[in-house]
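> Need coordinates for the following:
(6 chains)
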6 protein chains.
Amino acid sequence: MKTVLCYGDSLTWGYDATGPGRHALEDRWPSVLQQALGSDVNVIAEGLNGRTTAYEDYLADCDRNGARVLPTVLHSHAPLDLVIFMLGSNDMKPVIHGTASGAVKGIERLVKLVRHHDWPMETEEGPGILVVSPPPLCETADSDFAAMFAGGIEESAMLASLYRDLADELDCGFFDAGSVSRTTPLDGVHLDAENTRALGRGLEPVVRMMLGL
Amino acid sequence: MKTVLCYGDSLTWGYDATGPGRHALEDRWPSVLQQALGSDVNVIAEGLNGRTTAYEDYLADCDRNGARVLPTVLHSHAPLDLVIFMLGSNDMKPVIHGTASGAVKGIERLVKLVRHHDWPMETEEGPGILVVSPPPLCETADSDFAAMFAGGIEESAMLASLYRDLADELDCGFFDAGSVSRTTPLDGVHLDAENTRALGRGLEPVVRMMLGL
Amino acid sequence: MKTVLCYGDSLTWGYDATGPGRHALEDRWPSVLQQALGSDVNVIAEGLNGRTTAYEDYLADCDRNGARVLPTVLHSHAPLDLVIFMLGSNDMKPVIHGTASGAVKGIERLVKLVRHHDWPMETEEGPGILVVSPPPLCETADSDFAAMFAGGIEESAMLASLYRDLADELDCGFFDAGSVSRTTPLDGVHLDAENTRALGRGLEPVVRMMLGL
Amino acid sequence: MKTVLCYGDSLTWGYDATGPGRHALEDRWPSVLQQALGSDVNVIAEGLNGRTTAYEDYLADCDRNGARVLPTVLHSHAPLDLVIFMLGSNDMKPVIHGTASGAVKGIERLVKLVRHHDWPMETEEGPGILVVSPPPLCETADSDFAAMFAGGIEESAMLASLYRDLADELDCGFFDAGSVSRTTPLDGVHLDAENTRALGRGLEPVVRMMLGL
Amino acid sequence: MKTVLCYGDSLTWGYDATGPGRHALEDRWPSVLQQALGSDVNVIAEGLNGRTTAYEDYLADCDRNGARVLPTVLHSHAPLDLVIFMLGSNDMKPVIHGTASGAVKGIERLVKLVRHHDWPMETEEGPGILVVSPPPLCETADSDFAAMFAGGIEESAMLASLYRDLADELDCGFFDAGSVSRTTPLDGVHLDAENTRALGRGLEPVVRMMLGL
Amino acid sequence: MKTVLCYGDSLTWGYDATGPGRHALEDRWPSVLQQALGSDVNVIAEGLNGRTTAYEDYLADCDRNGARVLPTVLHSHAPLDLVIFMLGSNDMKPVIHGTASGAVKGIERLVKLVRHHDWPMETEEGPGILVVSPPPLCETADSDFAAMFAGGIEESAMLASLYRDLADELDCGFFDAGSVSRTTPLDGVHLDAENTRALGRGLEPVVRMMLGL
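You can find the predicted model right below:
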């Protein structure tokens, strides 16, 4: 049995801009990936709306700093074979920091946290890590989201290439979500059901390869 | 689709005193419960070794205070139909507090956190809550565990009746894990594979009833 | 007896730019409001210099994050009939975030904290909430304040209309402090004695209405 | 105008064991003290249920650690002429620490926080400090409270003499609340309306003396 | 050049029970060790009064939780060849936890923090670790200290043998400070100048051996 | 014996952009200062890569907020005769805040923390404080550093004059590190060995004067 952890934000949680609400379980990309990989792999979804890579945000009734919560999530689901990070969209908010460069540093911190984690069983070998760049933000007529993510379209467009370089440098796998999915103009950030399903399908090959399946 | 969250400690994580290691996925009680309930229910396991009800513990590379992490876990898996709390064993350590009374107060805080949570979708109605008292600690020849849980046998024996009273007072469901399972003398705290499976089978009827299935 | 909580920053504390110092108790707007409402209402002033809506600031010997301290203040003064929020000026500092949009999100978080608070007495019904937009910043010759609030004049000018929309959406009362008072050019942020008194008088009608007096 | 801050726990908040509920505003000891001192003194009540001297407690939706919140309260109400500390009862809970010695150390920390506070106005001279030992716990038939405060009757009986020594050593005023009031057997911890009023009356002379009135 | 970090509490800081005050720099054990090892070794002293192994203490104007501060100290002084831990005396206070077993768990956590630290330079190899058990507490006529450390004489007497077992298990060096020094009856906890010097001399051989000198 | 604390970031730690690595002990400015002052002065180096003046940064396995760690460092090395602050370079990162004005406020907070610290010995008189402005950032071909410090060249050029004004206002000593050293174009932020040595030599006269030597 292989275990895969999907650590992400609202794009992993399955935020549906229509409604708003949450996509059906079977439409979310971790579920699609689970379905594709079959019952010999256990895919665990840990998506949290508003999660940043490694920055504070006190605007919701939960801890959105991805770096502070990650060790607890790693511990809860160990032993792991693969950790997938798909984060960075919320870093594009100016009140967080709003820069591609800062998101890259945040992902680097998350990778280091996995590599240095004090696992519950001492003989534990660490999991592989797959860095996924989120699809770039797009124009939206939703003025609330447009203001919340001001400047995010340009910065998010740089994430794929910067994440790829980081993944190479840190010896992680890489996948560009923007190669198979795009954000909805309804709010400029999220994925509709078809696009989140497409992401799950798109991830299957690289995940299989990293798991040696 | 109904969603059930299992929020617990090493007895939910599946700590196996032989080894030590982790019980196979299919032996852990949340998996057994998932199997029993079928594919119309999504059972989510969030067990963390060492988790307390609502008390600090800096002895591991994760956040063991159940009250601080709960809101993030609720947010990540909302909308929920049922939350199952099986916590209190780690409260029996004298360095935490070592009292049945303190564990009850901790569970009360967790229930309140669910009831007052600011859910990601505003129209969300809160989930039902099932309080499970962990099986009492037992004698062990493991001197490390015996010292770590000094006095815990007596205090943990009181948890079932105190949790039952609390659950009644707060209008929660209640289940006594000690009615279907017992702790292993290997360390005096944990469940062997047969007992964790028995717990999953034992929980099925009350969970079905609370879910209206 | 009705109880009103005034939760704010230095404009509520009564920071006097001449001196600098603190306005006399009778000049501060919560005192003027108390005087106007009479002895059947208990007006409680909780103003803190530098308080933000929901953002960190480590530059003083106190906790300036309005969202972290609010639950303790709510608990201390419960049961409450009305909570008045007048915050956002300090959010205009670029080291905090410096955006009107971020201040609105902070106020939204504070409103949610009130709505979801776990009050000391369980039968407690929650208080009404009045959102007050602070008066816009103005030009100042004080170079220290001008640098500290760079860009704040334009952003703060948007607060009244954005707070009004938020208040409507969240079913809160709204009052525009800029309609009865203006900031002093001495530092570009604070109110002189006449203007803080004017604010207290200006608030009386809407507070009476919300209290049903 | 003199300003007096009353920093305490549920005995200052006015917790009424019948009900339970909160004593009427005019019955709480800070109000009685305000009435006795007249309009030239501003008495500010900051009582929080469950507040400890300087210890963590995650069992409520507020920050109960008296040492962490104090600087914010000092800042909010500065400039101050007198700070009254009436704390220690909650320290008697075994889950906190349950020792008279620990409560004394907590009060010492609070006194030091006042003495070293970085006040909002730099020319600020610090306030006088009055240490009040809470009335000793008494026997109760309430089994929940009896368990929560196990051992507290003996330990709390030592507080008056230990606080007096500490106050002398740190050059603070001292008052023994047990000299004018007693706890109710309804829960063994709190004051009924008559006793909280008696405490306000009892404090008047020492407060007048410390304020130089 | 070899670098040795001495991470400890008041026994490392050099608290002098007469006065009270601080021992002269040349009398403190890290200085004596530095003198003995010569200029090819850099001995860094990081002793903090009241530091625990891994437990909270809010009674002073500093962070006494050894586990929270350690990563910052490791980072500041990296690269390191040896880390010496001499902690546990403050764990003997009942308000902390007061048990030998808890101190052992705290030391274990500190060792794990070193082993899993994310060092500033990635090619960094981790330092050796020397666990030093503090000398047992002794009887004292100082009633304040006697109360603060109630029960500590018995518990602290167990530390040497428990720390030795832990050091063996975790592949660390071990030294029993009680074999060369004893605590002063002035307060029952601290070392006089002669005993702290003796500790420095006593540590030289094991430190030389661990450094390969 | 006089004691001097050097509280800084990677420029004090001795980060060497070639490699990267750490400058030899004898090349770092605190060591050069120690050598110059002789054995009657104890110079303590507390440099941490990435340390800010008073702002959060979760991107490394240590606490980079200078204001939160300072009290612990002060306590560990008390009694002190002089505290040297050389901080501000990391404040130039846009993800921190990126403004000269914010760095000045951070230094002000650090000065206040020293002035108000609750020292381990009560008769302690506080140390003198020397504020050192870091050398301005310069152009670099390193694209990672250039992005991480975008806008920092202009802002950092203002630090010397702003820090000088602050030091005057707060009655601290001042030294402009840019008057004797310059940053390396290898990364635009750090000092090469010659420049860090030059800084140590440059500081000697003002430190002697402030120590009365």
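
> Report the contact partners of the most centrally placed residue in chain A.
Centre of chain A computed as the mean C-alpha position; nearest residue by CA atoms, centre = their mean is A:M86, 1.6 Å away. Applying CB atoms under 8 Å, 6 or more residues apart in numbering or on different chains to A:M86 gives the contacts A:C6, A:Y7, A:G8, A:D9, A:L11, A:T12, A:V132, A:S133, A:P134, A:A177. For every residue, glycine as well, the C-beta is placed using N, CA and C.

> go on, A:H77?
A:T3, A:L5, A:I44, A:E46.

> downstream neighbour of the host helix or strand of the first one in the secondary structure list?
Mapping A:T3 onto the secondary structure by DSSP states H and E places it in strand A:2-8. Remark: after strand A:2-8, the chain's next helix or strand is helix A:10-13, criterion DSSP H and E.

> which residues touch A:F174?
Per CB under 8 Å, 6+ apart, neighbours of A:F174: A:L130, A:V131, A:V132, A:S133, A:Y163, A:R164, A:A167, A:D168.

> Which residues does it form beta bridges with?
Beta-bridge partners recorded for A:F174 (DSSP bridges): A:V131.

> coming back round to it: tell me the one of the contacts of A:M86 nearest F:T72?
Closest approach to F:T72 among these (CB to CB): A:Y7, at 32.0 Å.

> The closest one contacts A:L82, correct?
No: using CB atoms under 8 Å as the test, A:Y7 is too far from A:L82 to be in contact (10.8 Å).

> Now stretch A:42-49: average pLDDT?
Averaged across stretch A:42-49, pLDDT comes to 98.

> Contacts (any at all) between chain C and that stretch?
No: applying CB under 8 Å from any CB of the partner chain, one finds that stretch A:42-49 is not in contact with chain C, the shortest distance being 13.3 Å.

> and if you look at stretch A:187-204?
No: Stretch A:187-204 lies out of reach of chain C by CB under 8 Å from any CB, never closer than 14.0 Å.

> ok, and does that stretch reach over to chain B?
No: judged by CB under 8 Å from any CB, stretch A:187-204 makes no contact with chain B; its nearest approach is 12.9 Å.

> How about that stretch, which residues are buried there?
A:187-193, A:195-200, A:202-203 (16 or more other CB atoms under 10 Å in any protein chain shown).

> wait, which of those residues is closest to chain E?
The closest of the buried residues of stretch A:187-204 to chain E turns out to be A:L203 (CB to the nearest CB; 27.7 Å).

> wouldn't A:D81 be in contact with A:V4 here?
Yes: between A:D81 and A:V4 a contact is recorded at 6.5 Å, counting by CB under 8 Å.

> still on that earlier bit, list only those of the contacts of A:M86 flagged as buried.
The neighbour-count test (16+ other CB under 10 Å) marks A:C6, A:Y7, A:G8, A:D9, A:L11, A:T12, A:V132, A:S133, A:P134, A:A177 as buried among the contacts of A:M86.

> wait, what's in contact with the last one?
The contact partners of A:A177, taken as CB under 8 Å, 6+ apart, are A:L11, A:M86, A:V132, A:S133, A:P134, A:P135, A:L199, A:G202.

> Repeat the analysis, applying 10 Å as the threshold.
A:A177 is in contact with A:11, A:29, A:86, A:89, A:132-136, A:159-160, A:163, A:183, A:191, A:195-196, A:198-199, A:202-203, counting by CB atoms under 10 Å, 6 or more residues apart in numbering or on different chains.

> so what's it closest to, chain neighbours aside?
A:P135 (4.9 Å; CB to CB, 6 or more residues apart in numbering or on different chains).

> Let me see the contact set for that neighbour.
Residues near A:P135 by CB under 10 Å, 6+ apart: A:11, A:86, A:89, A:156, A:159-160, A:176-184, A:189-191, A:195, A:199.

> from the residues you listed, which ones fall inside strands?
A:M86, A:D176 (DSSP state E).

> Counting only helices, which of the contacts of A:P135 make the cut?
If you go by DSSP state H, the contacts of A:P135 have A:L11, A:S156, A:L159, A:A160, A:N195, A:L199 in helices.

> May I see the buried residues of whichever helix or strand A:L33 is part of?
If you go by DSSP H and E, A:L33 is part of helix A:29-37. By neighbour count, with 16+ other CB under 10 Å as the criterion, the buried positions of helix A:29-37 are A:W29, A:P30, A:S31, A:V32, A:L33, A:Q34, A:A36, A:L37.

> Please name the nearest non-neighbouring residue to the residue of chain A found nearest chain D.
Going by CB to the nearest CB, chain D is nearest to A:D61 of chain A, at 10.8 Å. Closest residue to A:D61 apart from its sequence neighbours, by CB to CB, 6+ apart: B:D118 at 3.7 Å.

> Could you do A:E56 as well?
Per CB to CB, 6+ apart, closest to A:E56 is A:N65, 5.4 Å.

> Just list whatever residues bridge to the one you found.
With DSSP bridges as the rule, A:N65 is bridged to A:T52.

> how about it, what does it touch?
A:R51, A:T52, A:T53, A:A54, A:Y55, A:E56, A:D57, A:Y58, A:G106, B:T72, F:E56, F:Y58.

> Out of those residues, give me the one that has the most neighbours.
Most neighbours among the contacts of A:N65, by other CB atoms under 10 Å in any protein chain shown: A:R51, with 33 neighbours.

> From chain C, how far out is A:L203?
According to CB to the nearest CB, to the nearest Å, A:L203 stands 32 Å off from chain C.

> isn't there a strand covering that residue?
No: applying DSSP: H, G, I helix; E, B strand; the rest coil, one finds A:L203 to be helix, outside a strand.

> wait, doesn't it sit right on A:Q35?
No: assessed by CB atoms under 10 Å, A:L203 is found out of contact with A:Q35, at 11.8 Å.

> quick one: what helix or strand has the residue of chain A closest to chain D in it?
With DSSP H and E as criterion, A:D61 is part of no helix or strand.

> What is the burial count for it?
19.

> ok, it - contacts?
Taking CB under 10 Å, 6+ apart, we find A:D61 in contact with B:71-72, B:74-75, B:113, B:116-120, C:109, C:112-113, C:116.

> distance between stretch A:137-150 and the chain's centre?
20 Å (CA atoms, centre = their mean, to the nearest Å).

> And stretch A:41-57, by the same measure?
6 Å.

> Render the CA-only coordinates of that stretch in CSV, please.
The C-alpha coordinates for stretch A:41-57 follow below in CSV (Å, rounded to 0.1, in the frame of the first residue of the first chain):
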residue,chain,number,x,y,z
VAL,A,41,-2.6,3.6,-3.3
ASN,A,42,-4.2,5.7,-0.5
VAL,A,43,-4.6,9.3,-1.5
ILE,A,44,-5.2,11.7,1.4
ALA,A,45,-6.7,15.1,0.7
GLU,A,46,-5.6,18.0,3.0
GLY,A,47,-6.9,21.1,1.2
LEU,A,48,-7.7,24.3,3.2
ASN,A,49,-9.3,27.4,1.8
GLY,A,50,-6.9,30.3,2.1
ARG,A,51,-3.8,28.3,2.9
THR,A,52,-0.6,30.1,2.1
THR,A,53,2.8,28.5,1.6
ALA,A,54,4.4,29.9,4.8
TYR,A,55,2.8,33.2,5.7
GLU,A,56,0.4,34.3,8.4
ASP,A,57,-3.3,35.1,7.7
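
> and the angle from the helix or strand A:V83 falls within to strand A:2-8?
Element membership for A:V83, per DSSP H and E: strand A:82-86. Going by axes from the mean of the first three to the mean of the last three CA atoms, to 10 degrees, strand A:82-86 is angled at 20 degrees with respect to strand A:2-8.

> Just the buried residues of strand A:82-86, please?
Result for strand A:82-86 [16+ other CB under 10 Å]: buried residues A:L82, A:V83, A:I84, A:F85, A:M86.

> after that strand, next one along is what?
Downstream of strand A:82-86, the first helix or strand assigned by DSSP H and E is helix A:100-115.
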